[in-house]
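Peer 1: Would you be able to build a 3D model of this:
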Amino acid sequence: MIDFLGIGAQKAGTTWLYAQLSIHPQVRFPAGKELHRLNKPDFTWNEYLPMFPDDASVKQGEITPAYGFMPPEMIARTHSKLPHLQLIYMVRNPIDRAWSSALMALKRTEMQPEEASDQWFLDHFHSEGSLARGNYEECIRNWINIYKEKQLLILCFESVILNPRPQLLRVCKHLNIDASYYENISDEALGKKVHAGLGTAIRPALRDALTELYRYQLPYYESLVKKYG
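Peer 2: Now for the predicted structure:
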């Protein structure tokens, strides 16, 4: 049986979370990361549940960042079968998240950042998918309208970067697994970047555009940092 879900957000540290939990002896990801099953219209439980064989000795889960912005009807469908799930949602400054997401998309086109026009980036920033992924308020509201708020753990990407150990201990408490496993692992190892991005700085004009695009989202994000960071 599956015990927990990582539900996003894309480019907010979910691969780091997967890497750290994967080495814990009480955690299993039997089907790997990013299954993209629960958010499919033609999803079937007969296909999904056998991926998580019964094993009471471990916590089993999966992490798919696209689950964060699933529509309420898909969240309700998940809850109807798996009401017990513990949920983990990672957030990042929405400007930086959108930029990192655009760079990832650019890489798939086999272009370099200097080859892409400002308009290419602006089109990506305004795409439905990018905007939905950065709308943390709506994502969180949709999930806690169906699941209990206490079932959702929120982590802040920036806090993970600055000091990963306390954040990982919060995850252990949330999943009810032994936090002492990480005591002998160095801070450097716990904070090791996984699939680091290109590191390209945001062009000033594009930063201005993103600041305007997310001006209504930033206060909510900052409230999350204050509460959970």
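Peer 1: Next, the contact list for Phe29, please.
Peer 2: 18, 21-22, 60-63 (CB atoms under 8 Å, 6 or more residues apart in numbering). Glycine gets a C-beta too; all of them are placed from N, C-alpha and C.
Peer 1: can you pull out the strands in the protein?
Peer 2: 4-6, 27-28, 59-63, 86-91, 152-156 (DSSP state E).
Peer 1: Please identify the most buried of the ones you listed.
Peer 2: Stretch with highest mean neighbour count among the strands of the chain: strand 4-6 (a mean of 26; mean count of other CB atoms under 10 Å).
Peer 1: Which other helices and strands does it contact?
Peer 2: Applying 3 or more CB pairs under 8 Å, 6 or more residues apart in numbering; DSSP states H and E, we find strand 4-6 packed against helix 14-22, strand 59-63, strand 86-91.
Peer 1: if you set the cut-off to 10 Å instead, what comes out?
Peer 2: Using 3 or more CB pairs under 10 Å, 6 or more residues apart in numbering; DSSP states H and E as the contact criterion, the elements in contact with strand 4-6 are helix 14-22, strand 59-63, strand 86-91, strand 152-156, helix 164-175.
Peer 1: Tell me the gap between stretch 50-68 and the middle of its chain.
Peer 2: The chain centre lies 15 Å from the centre of stretch 50-68; the measure is CA atoms, centre = their mean, to the nearest Å.
Peer 1: Give me the neighbour count for Ala105.
Peer 2: The number of residues packed near Ala105 is 17, by other CB atoms under 10 Å.
Peer 1: Enumerate every residue touching it.
Peer 2: Listed by CB atoms under 10 Å, 6 or more residues apart in numbering, the contact set of Ala105 reads 111, 116, 120-121, 124, 127, 129-130.
Peer 1: Quickly note the distance from it to Ala31.
Peer 2: According to CB to CB, to the nearest Å, Ala105 stands 25 Å off from Ala31.
Peer 1: Including mean pLDDT, could the strands of the chain go into TSV?
Peer 2: Below are these laid out as TSV (pLDDT from 0 to 100):
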stretch	mean pLDDT
strand 4-6	98
strand 27-28	98
strand 59-63	98
strand 86-91	98
strand 152-156	98
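Peer 1: Could you export the ones you listed as a markdown table, including distance to Met70?
Peer 2: Listed next are these as a markdown table, based on distance: least, CB to CB, whole Å:
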| stretch | distance to Met70 |
| --- | --- |
| strand 4-6 | 10 |
| strand 27-28 | 23 |
| strand 59-63 | 14 |
| strand 86-91 | 12 |
| strand 152-156 | 14 |
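Peer 1: Out of the ones you listed, which gets nearest to Ala189?
Peer 2: With CB to CB, the closest approach to Ala189 among the strands of the chain belongs to strand 27-28: 16.7 Å.
Peer 1: For that closest one, which outside residues touch it?
Peer 2: By CB under 10 Å, 6+ apart, strand 27-28 touches 2-4, 18, 20-22, 52-53, 55, 57-61, 171-172, 175, 177, 181.
Peer 1: now the angle between strand 86-91 and whichever helix in the chain runs longest, please.
Peer 2: As assigned by DSSP state H, the longest helix anywhere in the chain is helix 94-108. Inter-element angle recorded for helix 94-108 and strand 86-91: 90 degrees (by axes from the mean of the first three to the mean of the last three CA atoms, to 10 degrees).
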